[in-house]
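Colleague: Okay, predicted coordinates and the sequence, questions at the end:
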Protein chains: 2
Amino acid sequence: MHRREPCRWRRRKEARPGEIIEAALDLFVTSGFNATRLEDVAKRAGISKGTLYLYFRSKEDLFRAVVQQIIIPEVEKAEQHAASFTGSQQELLTHMINNWWNVIGKTRLAGIPKLMVSEAANFPELARFYVKNVVSRARKIMTDAIQKGIEQGEFRTCDPNSASRLLIAPLVFAVIWEKSLAPFDSQTYDVEDYIRSHINFFFDGISAKGKD
Amino acid sequence: MHRREPCRWRRRKEARPGEIIEAALDLFVTSGFNATRLEDVAKRAGISKGTLYLYFRSKEDLFRAVVQQIIIPEVEKAEQHAASFTGSQQELLTHMINNWWNVIGKTRLAGIPKLMVSEAANFPELARFYVKNVVSRARKIMTDAIQKGIEQGEFRTCDPNSASRLLIAPLVFAVIWEKSLAPFDSQTYDVEDYIRSHINFFFDGISAKGKD
DNA sequence: ATTAAATAACTGACCGGTCAGTTATTTAAT
DNA sequence: ATTAAATAACTGACCGGTCAGTTATTTAAT
């Protein structure tokens, strides 16, 4: 009497790509692109390294797939939300900032901006893809909102391009900081307070009802 | 009659380390740590790879030497300037921001923050060194100034820790952006205007003479 | 002053380890 | 029996670090 050996593996053509992407995301954001071994990605996805190459042509290709599958859907949601929003521009922008923090900043996705910044020079094509399909689109939503706010007299006259960059910069920097040097800093800080202060300062500065 | 062959090389024990550090800085900030070959550093410094190891124990050691020799002197200058400054805190902080941009932001040193952020996880010891000897010290200057400004009634009450981070974040992010994704962005922007707007927004927000 | 012995700066060929990518073979599914 | 998903052993390029040997320079003897 012997127990039926379970299959050593199963054919799961449909499920593999998603599982590989998940595994790669986890390892890329914790170890970085270079330090991540495809052997380890495969192991985490429950396959062998060779199988990985049935679904992705190269390590870079896998990297692109991660960005494409994970980040772009979030950009699309943000665009749809902004398009159907009816409140003030300050409300819209505040919501976007807080939402960005909740969906990207405090999740494992926070590793993506750091990854893109670190690897841009090594993967020009991917960098271009990311700027075009993520950064530019996200920035457009904010720039448009600021432009509208100026036209409607909600904000004072200023360059919407600089302003939108100033609005997002402290957040992106915060996630980059958390994923890089923060672990080596003994002095901690309260990120929530940091973001709240930023929003206050920013809208104080851009608000139309001037103090002078 | 034949011309005297010039020496194939000269012994230059004193000059080598500085020249190697210069070469390494140039290559590290343009290609990144990993992509920089010690062979190329050596070539640029006008020596062989073996010679490099007479002066630096490892690639990481060379990296540390670069940070130590190039950045720390700037931190010291800033500390001295702040200690002897007599004007308002807003003037001091504005000067620091502009100075940071002139000395780091618009020079090749701009590559250092990006490099540290990208490589922190790979070189924990160096990351700790950098945070302790560069980041913390620079931040302390600004936090102290903001604290003083609050006490003297120049700024409104707020957390000086969050505020100092918010003051520097857009600048550090700007250099990281320039050295990573900006080359792949067709939409350019005016960094000087960006910084000017930032200073305006920030001091509008933190100023004591409230608008409400 | 000249020279030869000693020193130490410097070179460059080489090596071991790593890892992305390949391929011959096995195995599950039909 | 046939197919294609998956494996695992394999390759080869790459590169940080080493070290035996070379050469510029210094030192000491005459």
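Modeller: Yep, it's here.
Colleague: where does chain A have low pLDDT?
Modeller: By pLDDT under 70, the weakly predicted segments of chain A are A:1-6, A:209-212.
Colleague: For DNA strand D, give me its nearest residue in it.
Modeller: With Cβ to the nearest atom of the strand, the shortest gap between chain A and DNA strand D falls at A:Gly50, namely 2.2 Å. Glycine gets a C-beta too; all of them are placed from N, C-alpha and C.
Colleague: Can you pull out the residues in contact with the helix or strand hosting that residue?
Modeller: Following DSSP states H and E, one finds A:Gly50 within helix A:49-55. Applying Cβ atoms under 8 Å, 6 or more residues apart in numbering or on different chains, the external contacts of helix A:49-55 come out as A:16-17, A:20, A:38-39, A:41-42, A:45, A:62.
Colleague: do you know how far the residue of chain A closest to DNA strand D is from A:Ala42?
Modeller: When Cβ to Cβ, to the nearest Å is the yardstick, A:Gly50 and A:Ala42 sit 8 Å from each other.
Colleague: quick one: A:Leu27 and A:Val41 touch, right?
Modeller: Yes. Proximity of A:Leu27 to A:Val41 meets the contact threshold set by Cβ atoms under 8 Å, at 5.7 Å.
Colleague: quick one: which of these two has more around it?
Modeller: A:Val41 (24 against 20; other Cβ atoms under 10 Å in any protein chain shown).
Colleague: what about the host helix or strand of that one and chain B, touching?
Modeller: Counting by DSSP H and E, the element that carries A:Val41 is helix A:38-45. No. Helix A:38-45 stays clear of chain B (Cβ under 8 Å from any Cβ of the partner chain), getting no nearer than 15.3 Å.
Colleague: show me the contacts for A:Gln68.
Modeller: Contact analysis of A:Gln68 by Cβ under 8 Å, 6+ apart lists A:Asn133.
Colleague: Can you say which helix or strand has it in it?
Modeller: Under the criterion of DSSP H and E, A:Gln68 resides in helix A:59-70.
Colleague: returning to that earlier point: which of the contacts of helix A:49-55 count as buried?
Modeller: A:16-17, A:20, A:38, A:41-42, A:45, A:62 (16 or more other Cβ atoms under 10 Å in any protein chain shown).
Colleague: wait, which of those residues is closest to DNA strand C?
Modeller: Closest to DNA strand C, out of all of the buried ones among the contacts of helix A:49-55 and judged by Cβ to the nearest atom of the strand, is A:Leu38, at 3.7 Å.
Colleague: which residues does that closest one contact?
Modeller: Here A:Leu38 is in contact with A:49, A:52, A:59, A:62 (Cβ under 8 Å, 6+ apart).
Colleague: Equivalent analysis for A:Val41, please.
Modeller: Counting by Cβ under 8 Å, 6+ apart, A:Val41 touches A:20, A:23-24, A:27, A:52, A:62.
Colleague: Throw those residues into CSV and include distance to A:Glu91, thanks.
Modeller: Listed next are those as CSV, based on distance: Cβ to Cβ, whole Å:
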residue, distance to A:Glu91
A:Ile20, 40
A:Ala23, 39
A:Ala24, 37
A:Leu27, 38
A:Leu52, 45
A:Leu62, 39
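Colleague: from these, which two are the most distant?
Modeller: Within these, two members stand farthest from each other by Cβ to Cβ: A:Leu27 and A:Leu52, at 12.2 Å.
Colleague: Quick check: residues of chain A near DNA strand C?
Modeller: A:7-11, A:36-39, A:49-50, A:53, A:58-60 (Cβ under 7 Å from any atom of the strand).
Colleague: So which of these is surrounded by the most neighbours?
Modeller: Among the residues of chain A next to DNA strand C, A:Thr36 has the most neighbours (other Cβ under 10 Å), with 20 neighbours.
Colleague: Helix, strand, or coil at that one?
Modeller: Taken by DSSP: H, G, I helix; E, B strand; the rest coil, the conformation at A:Thr36 corresponds to coil.
Colleague: got a list of what it touches?
Modeller: The neighbours of A:Thr36, taking Cβ under 8 Å, 6+ apart as the test, are A:24, A:27-28.
Colleague: Kindly report the same for A:Trp177.
Modeller: Counting by Cβ under 8 Å, 6+ apart, A:Trp177 makes contact with B:Val117.
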